[in-house]
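Participant: this one's structure only:
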């Protein structure tokens, strides 16, 4: 599902116009980005947890040259679904 389809579906289910739904979705995403910038995790109880994790620096081998390279540490965004979401995916339920 792409953004346009998602906005249309939300508008249909909520009774708001697509323009209003687009503003709401944009606002939610901007709020999430501000929380990530502040280093905060976001927990949505019925969905899961978005958290920022630090990936440590590590040494890797370049497969084409065989040389070892140092990959610097970086921050990554991680998502952990809650148990009910995991169960739905495990059982192949789609709605």
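Facilitator: Sure, I can see it. Note that the coordinates shown come from a computational prediction; the quantities given were computed from them, not determined experimentally.

Participant: from here on, contacts and neighbour counts on C-alpha atoms
Facilitator: Will do.

Participant: where in the chain is pLDDT low?
Facilitator: 93-95 (pLDDT under 70).

Participant: okay, domains of it per the record?
Facilitator: Per automatic domain parsing, the structural domains of the chain span 1-39, 41-95.

Participant: go through the ones you listed and pick out the most buried.
Facilitator: Comparing those by mean neighbour count (mean count of other Cα atoms under 10 Å), domain 1-39 comes out on top with a mean of 13.

Participant: how near is residue 84 to residue 61?
Facilitator: The spacing between residue 84 and residue 61, counted by Cα to Cα, to the nearest Å, is 39 Å.

Participant: pull the residues that contact the longest helix seen in the chain.
Facilitator: Criterion DSSP state H: the longest helix present in the chain is helix 18-37. For helix 18-37, the external contacting residues (Cα atoms under 8 Å, 6 or more residues apart in numbering) are 7, 8, 10, 11, 41, 42, 51, 52.

Participant: same thing but at 10 Å, please
Facilitator: Helix 18-37 is contacted by residues 3-4, 6-12, 14-16, 38-42, 50-52, 77 when judged by Cα atoms under 10 Å, 6 or more residues apart in numbering.
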